[in-house]
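Participant: I'd like to go over a predicted model; first the sequence, then the structure.
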Amino acid sequence: MKLVVIGGVTGGASTAARVRRLDPNAEIVLFERGRDVSFSNCALPYRLSDVVNRTDKLIIMDPEDFKLRHNIDVRTRCEVTEIDRKAKAVTVLNHKTGKTRRVKYDKLMLAPGANPILPRSIKGINSPHVFTVRNVEDIERLKAHLDADGINDVVVVGGGFIGVEVAENIAKAGKKVSLVEGMPQILAPFDEDMVQILQKEVIDNGVDLYLATTVKEITKANVIADKADGSSVKIPAKAVVMSVGVAPETKLAKDAGLEIGETGCIKVNHNYQTSDPDIYAVGDAVEIYNALGHKPGKLALAGPAQRQARQAADHMYGIHNNNKGYIGSSCIKVFGFNAAATGMNERAAKQAGYSCDSVLLYPNDHVGVLPGSNYVAFKLVFEVPTGKILGAQAISRGEAVKRADVIAAMITMGATLEDLKELELCYSPVYGTAKDVVNLAALVGLNVLYENFKQVHVSEVRGLVESGAYILDVREPGEFAAGHIKTAVNIPLTQLWERMGEIPKDRPVYVHCRSGQRSYYAVRYLQGKGFGNVVNVSGGFLGISWYEAFRDITEGREPIMDKYNFR
């Protein structure tokens, strides 16, 4: 078999390598229009802060390595300009020589990836100090510009994963960074009650954050943008990095008459065949199945691209695969916080038509008496009434990512809260707690699901305060003095039994503590003593502090707390 691969990064390189393992006799030719193949896309931003201290470290393999190790013919600076499906041939332009040639294939793999979006509506978008981050050459140009004299003010446009990572690394390089995002929040996989932690961390580390702000013009020295309130802002900028998203590279496929899906990506079947059975496609340019949304979707991540490449290569040799679609798992480091999300957030689940609820808690990542213990902000989303796990988000200065990984596995297996409650995980005080974060979340979720108690979310607390609701804080007096809701009544859990007579029975009682555990005890005790309308505040004072603080600081709102407390 002769395999021609178009695109030499994750999807294309993985396909070529897998085919070689399956067939030592195959003729494999890989064309890449750029300078480099097989480089670490996700590590590109870390070159800007010298965490990756040499550009060549970003390159995993070069064409010579492919030839020597795998007998794969890799040709860089070679762009496939046309696919002749009838003749089963591609036309290739060699940018080094300017010459074109036709190359025959038995099977063709399309892995062209996606291109950064550069909105034409922005005046000055093609200015020389405007950059994107797609490949090693891009990062070289950007870093050279940032290292030049007089380049101090940088604007990053787009608050997705790449935009946030670029902003962080440029800030760590000593530049003044502004991050502009058109939506009301950065990092869309996180719900509003979780993302506030990360947004506050961004501004606490000196990055100016502009949300719900749309760039209109780029000049030599400034970025001019419109805010949601109708005002305009001028932000100093000697460098601008555009990271507002990517568009799938589908021109070749369209020109060849291949079917395009409803998402605008190349349509493929469960074996990653296009509408032409001899042409496969994987990676950022293809439309794949959203296993939770039950509809076509797209996902620009390296892990899924590698799995797609393996499945496609296997199918070329008659090896069948069980294509389960994707659930969407991702993680990011935002200065001092580690953050991860998997499956659907609550917003997406409701938009998809799920009847769902969520719980938010702040348990420790390992036993508190040992050094380095940190709390984990953990949100678990589940379907009502089935208890099916739909998604989770975890944020911590400690170990957050492995908790999301556990939930990703549970979602993939179709697990419920009951399954998660009984999940047996490794335990040592150094690494976790006897009831891990995820087990605790399942227990709380089951209490909500089975209506053992009622809850309100942190997003509802301001409304409760403004309406004059009775809010009971069951933390100890020292904790209360360190920060509390202005209207809250402090009756510590240790005094609750002797002071229950102070709590009204003729109105709802909203109970919170620091993280949710003591308030749960208080709710159950009060219920047992005949209090008929007792409600737990999901997330506790930590959740309320994080939810309120960023918006109070950035929007100038009247705080509902006398002091925030994030510990």
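Facilitator: Alright, I've got the coordinates.
Participant: what residue ranges in this structure are flagged as low confidence?
Facilitator: For the chain, no stretch has pLDDT under 70.
Participant: residue ranges for the helices of the stretch 451-567 of the chain, please.
Facilitator: Assigned helices in the stretch 451-567 of the chain, in chain order: 461-466, 477-481, 496-499, 517-528, 540-555 (criterion: DSSP state H, counting those that start in this stretch).
Participant: got TSV for those, with distance to residue 124 and mean neighbour count too?
Facilitator: All C-beta atoms are positioned from the backbone trio N, CA, C, and that covers glycine. Putting the helices of the stretch 451-567 of the chain into TSV (distance: least, CB to CB, whole Å; neighbours: other CB atoms under 10 Å) gives the following:
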stretch	distance to residue 124	mean neighbour count
helix 461-466	40	17
helix 477-481	52	14
helix 496-499	63	12
helix 517-528	53	19
helix 540-555	27	21
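Participant: right, and those - which one's nearest residue 48?
Facilitator: Of all the helices of the stretch 451-567 of the chain, helix 540-555 sits nearest to residue 48, with 25.3 Å by CB to CB.
Participant: For the closest one, which helices and strands make contact with it?
Facilitator: Packing partners of helix 540-555 (3 or more CB pairs under 8 Å, 6 or more residues apart in numbering; DSSP states H and E): helix 192-204, strand 376-383, helix 461-466, strand 509-512.
Participant: cutoff 6 Å now
Facilitator: Counting contacts by 3 or more CB pairs under 6 Å, 6 or more residues apart in numbering; DSSP states H and E, helix 540-555 packs against helix 192-204.
Participant: what's the closest non-adjacent residue to residue 123?
Facilitator: Spatial nearest neighbour of residue 123, excluding adjacent residues (CB to CB, 6 or more residues apart in numbering): residue 217 at 4.2 Å.
Participant: wait, residue 343
Facilitator: Residue 343 sits nearest to residue 391 (CB to CB, 6+ apart), 3.1 Å away.
Participant: Now do the helix or strand harbouring that neighbour against strand 376-383, angle only.
Facilitator: With secondary structure defined by DSSP states H and E, residue 391 is part of strand 389-396. Angle, strand 389-396 to strand 376-383, by axes from the mean of the first three to the mean of the last three CA atoms, to 10 degrees: 170 degrees.
Participant: What is strand 389-396 packed up against?
Facilitator: Checking 3+ CB pairs under 6 Å, 6+ apart, strand 389-396 ends up next to strand 337-343, strand 376-383, helix 401-412.
Participant: Looking at these, spot the one closest to residue 179.
Facilitator: Closest approach to residue 179 among these (CB to CB): strand 337-343, 15.4 Å.
Participant: So for that closest one, what gets flagged as buried?
Facilitator: 337, 338, 339, 340, 341, 342, 343 (16 or more other CB atoms under 10 Å).
Participant: Kindly report the same for stretch 443-460.
Facilitator: 443-449, 453, 455-459.
Participant: now those in CSV, with distance to residue 108?
Facilitator: Formatted as CSV, the buried residues of stretch 443-460 follow (distance: CB to CB, whole Å):
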residue, distance to residue 108
443, 52
444, 51
445, 47
446, 51
447, 54
448, 51
449, 50
453, 59
455, 54
456, 56
457, 50
458, 52
459, 50
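Participant: So which of those residues are in strands?
Facilitator: Judged by DSSP state E, strands contain the following of those: 455, 456.
Participant: Among the buried residues of stretch 443-460, which one sits closest to residue 116?
Facilitator: Nearest to residue 116 among those, with distances taken as CB to CB, is residue 459, at 33.5 Å.
Participant: dump the residue contacts of that closest one.
Facilitator: residue 193 (CB atoms under 6 Å, 6 or more residues apart in numbering).
Participant: Numbering from 215 from now on, please.
Facilitator: In the new count, where the first residue is 215, that last one comes out as residue 673.
Participant: How much space separates it from residue 698?
Facilitator: As judged by CB to CB, to the nearest Å, residue 673 and residue 698 stand 19 Å apart.
Participant: again, but for residue 239
Facilitator: For residue 239 relative to residue 698 (CB to CB), the value is 73 Å.
Participant: More neighbours: which of these two?
Facilitator: Taking neighbours as other CB atoms under 10 Å, residue 239 and residue 698 compare with residue 698 leading, 21 against 7.
Participant: related to what we said a few turns ago, would you agree the residue nearest to residue 557 is in contact with residue 596?
Facilitator: No: using CB atoms under 6 Å as the test, residue 605 is too far from residue 596 to be in contact (8.6 Å).
Participant: what's the overlap in contacts for the two?
Facilitator: By CB under 6 Å, 6+ apart, no residue touches both residue 605 and residue 596.
Participant: Secondary structure element for the residue nearest to residue 337, which one?
Facilitator: Assigned by DSSP H and E, residue 431 falls in strand 427-432.
Participant: so the very next helix or strand once past that strand versus strand 427-432, what angle?
Facilitator: Sequence order places strand 436-441 as the next helix or strand after strand 427-432, per DSSP H and E. In terms of direction (the same axes, to 10 degrees), strand 436-441 departs from strand 427-432 by 140 degrees.
Participant: centre of the chain versus strand 436-441, how much separation?
Facilitator: 26 Å (CA atoms, centre = their mean, to the nearest Å).
Participant: Residue 441 is nearest to which of the helices and strands packed on strand 603-610?
Facilitator: Using CB to CB, the nearest of these to residue 441 is strand 551-557, at 26.1 Å.
Participant: so what strands line up beside the closest one?
Facilitator: If you go by DSSP bridges, strand 551-557 pairs up with strand 543-548 (antiparallel), strand 603-610 (antiparallel).
Participant: neighbouring contacts of the last one?
Facilitator: Right, strand 603-610. Taking CB under 6 Å, 6+ apart as the rule, strand 603-610 contacts 404, 408, 411, 551-559, 563, 579, 588, 590-597, 614, 617-618, 621, 624-625, 629.
Participant: same check, this time on stretch 624-644
Facilitator: By CB under 6 Å, 6+ apart, stretch 624-644 touches 541, 557, 581, 584, 596, 601-603, 648, 650, 656-657, 659-660.
Participant: Now which of the residues you listed would you call buried?
Facilitator: 541, 557, 596, 601, 602, 603, 650, 656, 657, 659, 660.
Participant: and the closest residue to the last one other than its chain neighbours, how many residues sit next to it?
Facilitator: Leaving aside its sequence neighbours, residue 660 sits nearest to residue 631 (CB to CB, 6+ apart; 5.0 Å). Counted with other CB under 10 Å, residues neighbouring residue 631 total 26.
Participant: next one: residue 417
Facilitator: Neighbourhood size, residue 417 [other CB under 10 Å]: 14.
Participant: likewise the one 5 residues further on?
Facilitator: Neighbouring residues of residue 422 were enumerated by other CB under 10 Å; the total is 16.
Participant: got a list of what it touches?
Facilitator: residue 392.
Participant: So what sits opposite it in the bridge?
Facilitator: Bridge pairing for residue 422 - DSSP bridges - gives residue 392.
Participant: how close does it sit to residue 458?
Facilitator: Distance from residue 422 to residue 458, by CB to CB: 18 Å.
Participant: Which two among the buried ones among the contacts of stretch 624-644 are spaced furthest apart?
Facilitator: 541 and 657, at 23.0 Å, using CB to CB across the buried ones among the contacts of stretch 624-644.
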